[in-house]
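build me a model from this:
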Amino acid sequence: MGLFFCSQYGIELGELKLVFDVLHPTLCRHFGLPHDPKDFEESVKVLEGSFIKIRERTVSFLNPSVRDYLNAYLNDIKLLTIFASVAPRFIWARELWRHVHHDSERFSGENDVALAQAFAGMGETEKFPLRRQSAEPPHHSYPYDLYPSQRIELLLDWAVVADSEAYSQSAIILLNKAEYTAWSDGTKLIDLFLAIRRDEFYKSLIQAKAIIDLLEQVIVGIFRDNYVPSDDLESMCDRIDENRNEFSNDVIAAMREAIVSEIESAYERTAGMDSESTLSDHATILEKLGNRIGLSKVIIKDALLKVEERIGQVRDDTSDAEPPQLTGRRTDEDTFDNTALKNLFAPLADDTSML
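Predicted coordinates:
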């Protein structure tokens with residue numbers, strides 16, 4: 001059951017054990033059953049080949065029918081609230097929440113409320129790390145859980161459904177403390193801002209005004225305090241420009257500053273790009289954004305010339321590069337003259353004369 005609320009593509013064996021180590025003791029206590037430190041290893045041995053498969057330490061269901069069976073089986077809201085009370089990760093909690101909240105045929109509004117209330121422990125967001133360090137060399141850091149913007153969205157869902165000020169306060173704390181990037185959070189925060197202002201679902205959100213104000217501050221901060229890649233800048237600007245009347249002058253000004261900075265830094269931005277198609281796309285975005293804010297044609301043209309200059313450098317580097325040697329260099333000249341041909345068939349002729 002722990003695997004059901006993980007990614008449909010599977011989960012690393014060690015990470016699945018972390019889920020098991022939280023859920024298994026809780027369920028054993030609830031049902032009055034004994035449990036042992038070796039239960040995880042034993043469970044994996046029993047289930048492998050019949051319900052689950054393991055490939056390169058990634059555990060997944062053996063076939064889709066197993067997931068379909070569990071989807072139908074997991075309809076006991078009391079059991080699901082027990083899961084929610086000890087949810088080990090935000091991404092796991094989100095899948096559990098969607099399982100109930102998005103299935104109105106099996107679960108009632110009262111079920112939604114009960115489940116939302118059961119996630120109370122998730123309000124202490126600092127207990128759930130965003131990244132983890134790989135156990136295998138070279139021990140790199142990798143994304144482990146939902147990004148801040150995704151966590152905030154989930155907390156606000158629970159705040160509305162459970163009519164909970166505690167969840168709203170947790171979202172406010174996260175808005176104030178978390179580190180954001182344009183790539184992971186930019187458009188999500190903009191969409192969330194618009195949803196709170198417009199959607200009927202958020203009409204009852206406690207502290208909605210404070211949350212809206214903070215969302216704008218975070219969006220401004222992303223524009224001003226972070227490097228925003230051109231494709232992310234385009235996506236964020238598209239969202240804001242389509243709904244310009246919803247945003248404050250601070251957001252519009254910060255967006256304009258980010259566009260101007262990206263265009264004026266065309267030389268520096270393109271220095272690390274070594275693909276003609278990437279550079280061409282970058283030029284298209286710069287021209288689009290520059291025209292959108294009414295930037296001087298001269299400034300836009302100068303930026304595009306710098307991109308064209310970089311494209312020329314990439315072409316020169318490509319043409320100067322030595323073609324790959326697929327079979328290695330030939331050290332001896334390969335000749336095949338009449339003498340070599342005669343020597344090739346001479347043994348055959350000798351054999352024929354002996355018959």
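
biggest helix in this protein, by residue count?
Longest helix of the chain, by residue count under DSSP state H: helix 297-320.

and the next element down the chain from the strand or helix carrying Leu23?
Assessed by DSSP states H and E, Leu23 sits inside helix 13-31. For helix 13-31, the following helix or strand on the C-terminal side (DSSP H and E) is helix 39-47.

pLDDT on that next one, on average?
Mean pLDDT, computed over helix 39-47, is 94.

can you name the residues in contact with the helix or strand that that helix is followed by?
With elements assigned by DSSP H and E, the helix or strand that comes after helix 39-47 is strand 52-55. For strand 52-55, contacts defined as C-beta atoms under 8 Å, 6 or more residues apart in numbering pick out Leu3, Gly10, Leu13, Val44, Glu48, Val59, Ser60, Phe61, Leu62, Val66. C-betas here are computed from N, CA, C, even on glycine.

now Phe128: how far from Leu13?
21 Å (C-beta to C-beta, to the nearest Å).

between the two, which one's more packed in?
Phe128 (19 against 14; other C-beta atoms under 10 Å).

for the nearest residue to Gly121 once chain neighbours are set aside, which residues are in contact?
If the residues on either side of it in the chain are set aside, Gly121 comes closest to Ser85, at 6.6 Å by C-beta to C-beta, 6 or more residues apart in numbering. Neighbour list for Ser85: Thr26, Ala118, Phe119, Ala120, Gly121 [criterion: C-beta under 8 Å, 6+ apart].

the helix holding Leu23 - what's its average pLDDT?
93.

rewinding a little: switch the contacts of strand 52-55 over to CSV; also include distance to Tyr227.
Rendered in CSV, the data for those read as follows (distance: C-beta to C-beta, whole Å):
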residue, distance to Tyr227
Leu3, 38
Gly10, 33
Leu13, 36
Val44, 44
Glu48, 45
Val59, 37
Ser60, 36
Phe61, 40
Leu62, 44
Val66, 44
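
most widely separated two among those residues?
Leu13 and Val66 (17.5 Å; C-beta to C-beta).

one step back: need the per-residue pLDDT for the residue nearest to Gly121.
96.

so what does the helix holding Leu23 touch, helix or strand wise?
Packing contacts for helix 13-31, counted by 3 or more C-beta pairs under 8 Å, 6 or more residues apart in numbering; DSSP states H and E, involve helix 39-47, strand 58-61, helix 77-85.

about what we covered before: report the buried residues of the longest helix of the chain.
Ile300, Ala303, Leu304, Lys306, Val307, Arg310, Ile311, Val314 (16 or more other C-beta atoms under 10 Å).

and Ala195, what does it touch?
Contacts of Ala195 (C-beta under 8 Å, 6+ apart): Phe201, Tyr202.

give me the element it is part of.
Judged by DSSP H and E, Ala195 forms part of helix 187-198.

show the subsequent helix or strand relative to that helix.
Taking DSSP H and E, what comes next after helix 187-198 is helix 208-225.

C-alpha coordinates for that following helix, PDB please?
Taking Å, rounded to 0.1, in the frame of the first residue of the first chain, the C-alpha atoms of helix 208-225 are listed here in PDB:
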ATOM      1  CA  ALA A 208      -6.500  34.900   1.800                       C
ATOM      2  CA  LYS A 209      -5.500  38.600   1.600                       C
ATOM      3  CA  ALA A 210      -2.200  38.000   3.400                       C
ATOM      4  CA  ILE A 211      -1.400  35.000   1.300                       C
ATOM      5  CA  ILE A 212      -2.100  36.900  -2.000                       C
ATOM      6  CA  ASP A 213       0.200  39.800  -0.900                       C
ATOM      7  CA  LEU A 214       3.000  37.300   0.000                       C
ATOM      8  CA  LEU A 215       2.600  35.500  -3.300                       C
ATOM      9  CA  GLU A 216       3.100  38.800  -5.100                       C
ATOM     10  CA  GLN A 217       6.200  39.500  -3.000                       C
ATOM     11  CA  VAL A 218       7.600  36.100  -3.800                       C
ATOM     12  CA  ILE A 219       7.000  36.500  -7.600                       C
ATOM     13  CA  VAL A 220       8.700  40.000  -7.500                       C
ATOM     14  CA  GLY A 221      11.600  38.300  -5.600                       C
ATOM     15  CA  ILE A 222      12.000  35.600  -8.300                       C
ATOM     16  CA  PHE A 223      12.200  38.300 -11.000                       C
ATOM     17  CA  ARG A 224      14.600  40.500  -9.100                       C
ATOM     18  CA  ASP A 225      16.700  38.200  -6.900                       C
END
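
so how far is it from its chain's centroid?
22 Å (C-alpha atoms, centre = their mean, to the nearest Å).

and for stretch 133-145?
15 Å.

distance between the ends of stretch 30-50?
One end of stretch 30-50 sits 27 Å from the other (C-alpha to C-alpha, to the nearest Å).

give me the residues contacting it.
By C-beta under 8 Å, 6+ apart, stretch 30-50 touches 13, 17, 20-21, 24-25, 27-28, 52, 54, 59, 62, 82.

show me the shaky parts of the stretch 251-355 of the chain.
320-355 (pLDDT under 70).

mind checking how far the closest residue to Asp191 other than its chain neighbours is from Phe247?
Closest residue to Asp191 apart from its sequence neighbours, by C-beta to C-beta, 6+ apart: Arg239 at 6.8 Å. From Arg239 across to Phe247, the span is 10 Å (C-beta to C-beta).
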